[in-house]
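Peer 1: Sequence plus the predicted model coming up.
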Amino acid sequence: MLEALGLTARAGRVYQSLLDHPADDIEAMAGRCGLTITQVHDCLDELGHLMLVRASSEHPGRMRAVDPAVGLADMLARQEADLAARQAALAASRAAVTRLVAERAEHHAAHGERLLGMDAVHHRLEQMSRTTTREALSSQPGNQRPEDLNASRPGDAGALTRGVTIRTIYQDSTRHQPHVANYAHWLLSQGGEVRTAPTIPQRIVIADRREALVPIDPDDHRKGALHVTEPGILAALLDLYEQAWNTAVPLGATTPDDPQTGLSATERELLRLLGTGLTDDAAGQRLGISSRTVGRHMASIMERLNATSRFEAGIKAAQHGWL
């Protein structure tokens with residue numbers, strides 16, 4: 001559990017030992033934790049940096065553990081604040097990349113190629129999967145069609161066999177789509193990495209950081225894609241992808257509700273999207289859920305806020321610091 005908060009396994013053992021045996025000196029802690037004295041000192045430095053230990057007032061030269069109800073809650077709050085900042089940066093980057101791709105698309109003759117229709121896209125993806133030697137990154141928003149996943153499997157299998165690193169981001173909503181969940185777990189079983197988030201960037205495929213595919217029309221990726229090789233656009237797409245990856249959650253990991261608000265990650269993102277003026281349909285598309293599901297989420301939020309209208313819910317959410 002503590003490792004999920006950023007602690008190393010050794011530091012977690014030392015912290016637990018300090019909680020259970022506050023009178024122990026360094027030598028005793030080392031014995032209990034199966035560590036050397038130097039390793040214990042390193043762990044105490046790590047715990048001190050995370051503000052989980054403080055100097056003892058009763059025993060000069062020793063450290064005391066900060067109560068988990070205080071120390072771990074503060075750690076979680078700092079991580080949540082950092083995550084919120086990164087999500088804001090991701091939203092700004094998403095808008096910047098969309099503008100950049102639109103502005104530069106007219107220059108594709110020299111630096112890219114338009115692929116019209118899904119057959120052309122699948123053909124290029126097959127070519128890219130065969131020539132990729134190091135890394136394949138993809139962002140897959142919205143609902144995934146079984147036939148598209150089936151078309152991707154041979155290329156992904158071949159790349160993984162060659163030792164290519166595959167990282168894929170899906171939306172949280174796809175965790176409830178059996179065919180996507182099965183494919184994602186297959187990727188994991190073959191050595192790939194999969195993460196999910198409430199909202200993610202437009203559909204992107206990047207191979208070896210030297211070529212990428214982005215949809216010609218973000219609202220309908222089946223119209224075709226633009227094959228990008230220009231370094232400037234690739235750098236922007238890679239920055240956007242890494243921000244999205246760092247804010248996403250590994251498949252299989254749980255995403256607990258915010259302890260302060262009781263909101264899930266999807267509910268918090270829904271409030272943010274609706275707060276920007278998006279309709280239920282538009283917010284649902286961004287989250288990969290139906291407008292009916294958006295309505296159920298909002299009904300639950302209104303009930304928790306004891307609000308009789310969405311307008312009142314918006315005011316109360318702002319007053320509670322939920323927005």
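Peer 2: Perfect, thanks for sending it.
Peer 1: Quick one: mean pLDDT over whatever helix or strand residue 236 lives in.
Peer 2: According to DSSP states H and E, residue 236 maps onto helix 231-247. The average of the pLDDT scores along helix 231-247 is 86.
Peer 1: Distance from the chain centre to that helix, please.
Peer 2: How far helix 231-247 lies from its chain's middle: 13 Å, per CA atoms, centre = their mean, to the nearest Å.
Peer 1: And the strands in the stretch 51-200 of the chain, which stretches?
Peer 2: 53-55, 63-65, 112-116, 135-140, 165-171, 193-197 (DSSP state E, counting those that start in this stretch).
Peer 1: Summarise which helices and strands the lengthiest helix in the chain is packed against.
Peer 2: If you go by DSSP state H, the chain has its longest helix at helix 68-104. On a contact count with 3 or more CB pairs under 8 Å, 6 or more residues apart in numbering; DSSP states H and E, helix 68-104 meets helix 231-247. Yep, even glycine has a C-beta here, placed from its N, CA and C like the rest.
Peer 1: between the helix it packs on and strand 193-197, how many degrees?
Peer 2: 80 degrees (axes from the mean of the first three to the mean of the last three CA atoms, to 10 degrees).
Peer 1: strands paired with whatever helix or strand comes next after helix 231-247, and their directions?
Peer 2: Next helix or strand after helix 231-247 toward the C-terminus (DSSP H and E): strand 249-250. Here strand 249-250 has these sheet partners by DSSP bridges: strand 193-197 (antiparallel).
Peer 1: Quick one: work out the angle between the partner strand and strand 135-140.
Peer 2: 30 degrees.
Peer 1: ok, then the element right after strand 193-197?
Peer 2: Counting by DSSP H and E, the next helix or strand C-terminal to strand 193-197 is strand 204-207.
Peer 1: Quick check: what element follows that next one along the chain?
Peer 2: strand 211-215.
Peer 1: Residue 176: neighbour count?
Peer 2: 11 (other CB atoms under 10 Å).
Peer 1: make that residue 181, sorry
Peer 2: 15.
Peer 1: Isn't it up against residue 170?
Peer 2: No - counting by CB atoms under 8 Å, residue 181 sits too far from residue 170 to count as a contact (9.2 Å).
Peer 1: separation between residue 278 and residue 155?
Peer 2: Using CB to CB, to the nearest Å, residue 278 is found at 35 Å from residue 155.
Peer 1: Which one's more surrounded, these two?
Peer 2: Using other CB under 10 Å as the criterion, residue 278 and residue 155 rank with residue 155 on top: 20 against 16.
Peer 1: so that one makes contact with residue 126?
Peer 2: Yes - between residue 155 and residue 126 there is a contact under CB under 8 Å: 5.7 Å.
Peer 1: Name the nearest residue to residue 229, ignoring sequence neighbours.
Peer 2: Excluding the flanking residues, the one nearest residue 229 by CB to CB, 6 or more residues apart in numbering is residue 211, at 5.1 Å.
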